[in-house]
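Student: predicted model and sequence follow; I will ask about them next.
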Amino acid sequence: MAGKMGRVQFALRSFVFVLIMDCSAASINFIQYPGLLLALASRHAYRQYIQQTQALFGSLIVLLTYLFTPVEIVVTGDHAALDANALAVVMANHQIYSDWWWLWILAWHKNAHGCLKIILKQSLKYLPVFGWGMQFFEFIFLARKWAVDRAMMSKILHRALSDKLPLWLVIFPEGTVITDDTKGKTRAYAKKMDIPDDPQFVLIPKSTGLFFCLKNLQPDARYLWDITMGYEGLNGDQTPYEVYSLSRVFFEARGPERVHMHVQKFVVASLPGFESAASMNTPRDEDVNATADEASGDEERTERFTLWLRKRFLEKDQLMAEFYKTGRFPRGATADSDQGSSDATLPLIIRPKPNFRDWASLGTVVGVGFWAATRLWSWWI
């Protein structure tokens with residue numbers, strides 16, 4: 001617990017945070033269930049309704065950030081091209097458990113906070129209220145068994161395509177946060193697989209899920225957005241996961257003063273494994289009649305993409321090394337990203353603060369939830 005924060009203050013702060021978070025989330029979850037009636041009439045209308053409830057949760061994240069852990073988010077690189085109405089695949093390095101929180105705030109700033117789809121571990125699916133809400137959002141929960149995950153991911157991705165709605169798919173190719181333990185495991189894996197890479201500030205990424213998502217979202221997902229995240233107040237010898245744990249960030253007021261994001265845009269059609277029109281139009285996972293030659297070609301494309309992704313994370317590792325030296329990322333994009341970028345791109349500064357719409361919508365939903373709870377209580381007794 002924070003040295004300067006007394007036990008009473010810590011307990012009170014934690015209680016108020018959890019109270020606001022749980023009551024608001026429960027109210028949002030409550031209004032999601034009537035949306036199931038819409039699903040009987042129109043899948044499109046149902047998904048639009050659920051995206052509105054997801055935007056409410058994004059507003060809640062901004063509110064809690066404003067009240068409990070004020071932060072400045074500094075975004076450099078290709079951020080100006082991020083489009084709220086696009087179908088985007090966003091990958092990022094994974095340093096602390098709240099990485100997704102700050103990415104959601106970036107989406108909020110771009111008015112895309114209702115269309116995120118995050119890839120998470122399966123255990124989160126069963127959390128009361130939060131897990132139920134994320135199932136409504138149609139987040140992708142991984143069992144870490146490819147035979148199971150593949151069919152489930154294919155189903156959700158193709159549903160998302162058929163919805164014809166904006167989508168930001170967020171994936172962390174490292175699969176877990178970076179710690180001394182996970183670095184040891186990734187080095188053991190690299191030795192076993194004869195991989196020469198030995199990054200210091202990222203883990204060796206796994207390409208299977210990202211390649212699968214990009215392939216199944218073609219040709220709609222034109223760009224892969226690569227975000228490198230860095231947290232102010234750290235040096236290269238510290239473990240971000242330990243310094244900025246969830247408790248320290250939200251309960252102890254010891255979060256980072258600034259979160260840095262460097263955005264780089266890659267045209268999917270230019271990536272290894274996706275270069276030609278033929279590879280862009282290969283059968284998706286749902287096409288069970290694919291030939292053996294097609295399957296072999298897909299394996300070859302996956303291997304080339306894997307090598308590119310490893311190289312990309314080594315470049316992210318260099319970005320992180322420079323970040324720890326200078327305290328910032330470069331203002332423009334690197335030479336490897338889309339040529340439309342400009343080194344003169346000004347940083348985007350986001351200071352999360354709820355606007356009138358956030359306050360009004362959240363207040364209305366919590367009011368409805370409180371009214372429903374009192375009615376149910378009176379009926380019960």
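Tutor: Thanks, I have it.

Student: only C-alpha atoms from now on, for both contacts and neighbour counts.
Tutor: Fine.

Student: for this protein, what's the longest helix?
Tutor: Looking across the chain with DSSP state H, the single longest helix is helix 292-326.

Student: how would you label the residue nearest to residue 305 when sequence neighbours are not counted: helix, strand or coil?
Tutor: Nearest residue to residue 305, sequence neighbours excluded (C-alpha to C-alpha, 6 or more residues apart in numbering): residue 272, at 5.0 Å. Of the three states, residue 272 takes coil under DSSP: H, G, I helix; E, B strand; the rest coil.

Student: before we move on, what about residue 117?
Tutor: Put simply, residue 117 is strand when judged by three-state DSSP.

Student: for residue 151, see how far away it is.
Tutor: Distance, residue 117 to residue 151, by C-alpha to C-alpha, to the nearest Å: 17 Å.

Student: ranges for the strands of the stretch 51-200 of the chain?
Tutor: 72-77, 87-92, 116-121, 140-142, 167-171 (DSSP state E, counting those that start in this stretch).

Student: in stretch 247-256, what counts as buried?
Tutor: 248-256 (16 or more other C-alpha atoms under 10 Å).

Student: least confident of those residues?
Tutor: pLDDT across the buried residues of stretch 247-256 is at its lowest for residue 253, which sits at 88.

Student: the residue nearest to that residue when sequence neighbours are not counted: how many residues sit nearby?
Tutor: Using C-alpha to C-alpha, 6+ apart and skipping residues adjacent in sequence, the residue nearest residue 253 is residue 69, 5.8 Å away. Close neighbours of residue 69, defined as other C-alpha atoms under 10 Å, add up to 21.

Student: contact partners for residue 69?
Tutor: Going by C-alpha atoms under 8 Å, 6 or more residues apart in numbering, residue 69 touches 249-250, 253-255.

Student: and it, backbone torsions?
Tutor: Backbone torsions of residue 69, given as degrees, to the nearest 10, read phi -150, psi 70.

Student: relative to residue 315, how far out is it?
Tutor: Counting by C-alpha to C-alpha, the gap from residue 69 to residue 315 is 30 Å.

Student: and what of residue 200?
Tutor: For residue 200, the distance to residue 315 equals 11 Å [C-alpha to C-alpha].

Student: check residue 273 too.
Tutor: With the distance defined as C-alpha to C-alpha, residue 273 ends up 19 Å from residue 315.

Student: and those two? which has more neighbours close in?
Tutor: Higher neighbour count among residue 273 and residue 315: residue 273, with 23 against 17, using other C-alpha under 10 Å.
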